[in-house]
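K.L.:
Dropping the sequence and predicted coords here.
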Amino acid sequence: MTNDQLQWQIQPTIQPPEWFIQEVRQHAGTSGHYAAQLLWQRGIRDTEQLGGFLNPVLFKPASPFAFGQEMWWAIERLQQARNAGEIVAIWGDFDADGITSTAVLWDGLGQFFLQNTHLIYHIPNRLTESHGLNNQGIEALAQQGVKLIVTCDTGSTNISEIELAKQLGIDVIVTDHHTLLPERPQVNAIINPRYLSADHQLFHLSGVAVAYKLVEALYETLPNIPKQPLEDLWDLVAIGLIADLVKLSGDCRYLAQLGIEKLQEDSQKPPAMRRRPGVGRLLEFCKKSGDRPTDISFGIGPRINAVSRIQGDARFCVELLTSRDIKHVEKLARETELANARRKSLQKDVEQQAAQKLAQLDLSTTGVIVLTEIGWPVGVLGLVAGQVAQQTGRPTILLSVEEAEEQESRGAEEQRGRGAEQDNYSCLLYTSPSPRD
């Protein structure tokens, strides 16, 4: 179905009862009528629901131990690692949710493990490693003496990689929110809201919020150890939640509200007084104050995502979000801004080329759109594919094709080892709603 065939479905106007309008008026400080009507149509129809929705102070967040035995197993293994002086590695992801997840665990677990000595982190390279655990990275961590990997925003389906880790003497705790396999992976613990019922208030947590719940459980279990308050993580959680476009209901909305308050509070301070000067600098670059979700979805989020799209390696983004070294984060923030500018330029070029190719197709007889070009930058193909899919209403695949000479030079050694000819395209990207510019 193309866009010109789409039709809005307008819900009939429902008049909420007067008592509900009065309740909304007390919380919202407005006339209350239109707000009450909107809230009623969204299914918020009782006093407790209403108060928690509009005011995070009145919301009752779920305990981190709502994840059940898996959370207890994770805490037990982390305490064991701390007592034994083991090296723990955080394995994150390169998008905004994965980067903030890594930053939350870096700051949060850093209250219990000495950073850079007993706590390290790994972010896969978008252009060479892709998402999830990989054997090469696990082997490298084993050589560094790592005995425990804690994943964030990834890991639920990495069965063979987890088995390799076990063979190398490395235990694994998975924190993730992606789709589960039918069988539980052989890990020490897996904390994933997909195991909960669809109506559970934790069900829609993104990776960063799941990582936060793990840290929250540690804070509750070992309350005398942390030197920094748990609230210092809220801004990171809000960035990851909103950038990942999850449904902001239940604890997701609660944590996003708290995090936005933290963002706004911190951005109003002088740089030297900020808890996260790197985040403040990103807000300055995008001319935002951090007081609303769009400051993240149209500002901070795309800038973090741009680094891996352009450079592949986004590890320094964790430093950008966590370091308090003003000069250092200024340099990293500028590098992030340059990557975003480059991403916009490359994306615009590919959009124009894709539009030219699209104009040559007969969409009336095309079920799936496949566009190819030599040398298209793979980091932005997913963005453009999403835009084409939205414009046409059809599944869209964009392929970056390598010239034969370049491919032969780059992969000669690998090809000889495999004894088989490789395909001549470098990347296939899925379609999805395109992230904000």
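P.N.:
That came through, no problem.

K.L.:
Look through the chain and tell me its longest helix.
P.N.:
Secondary structure of the chain per DSSP state H: the longest helix is helix 326-359.

K.L.:
The helix or strand following it packs against which elements?
P.N.:
Counting by DSSP states H and E, the element after helix 326-359 in chain order, helix or strand, is strand 369-374. For strand 369-374, the packing partners by 3 or more C-beta pairs under 8 Å, 6 or more residues apart in numbering; DSSP states H and E come out as helix 326-359, helix 381-392, strand 396-401. Every C-beta, even on glycine, is put in place using the N, C-alpha and C of the backbone.

K.L.:
Outside of strand 369-374 itself, list whatever touches it.
P.N.:
350, 353-354, 357-358, 361, 388-389, 392, 394-403, 425 (C-beta atoms under 8 Å, 6 or more residues apart in numbering).

K.L.:
ok, back up a step: wait, which of the helices and strands packed on strand 369-374 is closest to Ile190?
P.N.:
Between Ile190 and the helices and strands packed on strand 369-374, the shortest separation by C-beta to C-beta is 27.1 Å, and it involves helix 381-392.

K.L.:
buried ones in that closest one?
P.N.:
Leu381, Gly382, Leu383, Val384, Ala385, Gly386, Gln387, Val388, Ala389, Thr392 (16 or more other C-beta atoms under 10 Å).

K.L.:
Equivalent analysis for stretch 141-160, please.
P.N.:
Buried-residue list, stretch 141-160, by 16+ other C-beta under 10 Å: 141-142, 146-158.

K.L.:
Also stretch 47-63?
P.N.:
Buried residues in stretch 47-63 (16+ other C-beta under 10 Å): Leu50, Gly51, Gly52, Phe53, Leu54, Pro56, Phe59, Pro61, Ala62.

K.L.:
Give the full set of residues in contact with the nearest residue to Ser323 once chain neighbours are set aside.
P.N.:
Spatially, and ignoring its direct neighbours in sequence, Ser323 is nearest to Val329 (5.3 Å; C-beta to C-beta, 6 or more residues apart in numbering). Under the criterion of C-beta under 8 Å, 6+ apart, the neighbours of Val329 are Pro277, Gly278, Arg281, Glu319, Leu320, Ser323.

K.L.:
Just the terminal-to-terminal distance for stretch 112-125.
P.N.:
Length of stretch 112-125, first residue to last, C-alpha to C-alpha, to the nearest Å: 28 Å.

K.L.:
List of residues touching that stretch?
P.N.:
Defining contact as C-beta under 8 Å, 6+ apart, one finds that stretch 112-125 is touched by 78, 81-82, 85-94, 98-99, 102, 105-106, 109-110, 130-132, 134, 137, 140-141, 144, 146, 218, 222, 225-226, 308, 312-315, 317-318.

K.L.:
Quick one, which of those residues are buried?
P.N.:
Buried members of those, scored by 16+ other C-beta under 10 Å, are 78, 81-82, 86-94, 98-99, 102, 105-106, 109-110, 131-132, 134, 137, 141, 146, 218, 226, 308, 312-315, 317-318.

K.L.:
Counting only strands, which of the residues you listed make the cut?
P.N.:
Mapping the buried ones among the contacts of stretch 112-125 onto strands (DSSP state E) picks out Ile87, Val88, Ala89, Ile90, Trp91, Val146.

K.L.:
Do I have it right that the fourth one meets Ile99?
P.N.:
What it means is Ile90. No - applying C-beta atoms under 8 Å as the test, Ile90 and Ile99 come out as separate, 11.3 Å apart.

K.L.:
Contact partners for the closest residue to Ala333 other than its chain neighbours?
P.N.:
When the adjacent residues along the chain are set aside, Ala333 lies closest to Arg281, with 3.9 Å between them (C-beta to C-beta, 6+ apart). Listed by C-beta under 8 Å, 6+ apart, the contact set of Arg281 reads Pro271, Val329, Glu330, Ala333.

K.L.:
repeat that with 10 Å
P.N.:
Applying C-beta atoms under 10 Å, 6 or more residues apart in numbering to Arg281 gives the contacts 267, 271, 274, 320, 326, 329-334, 336-337.
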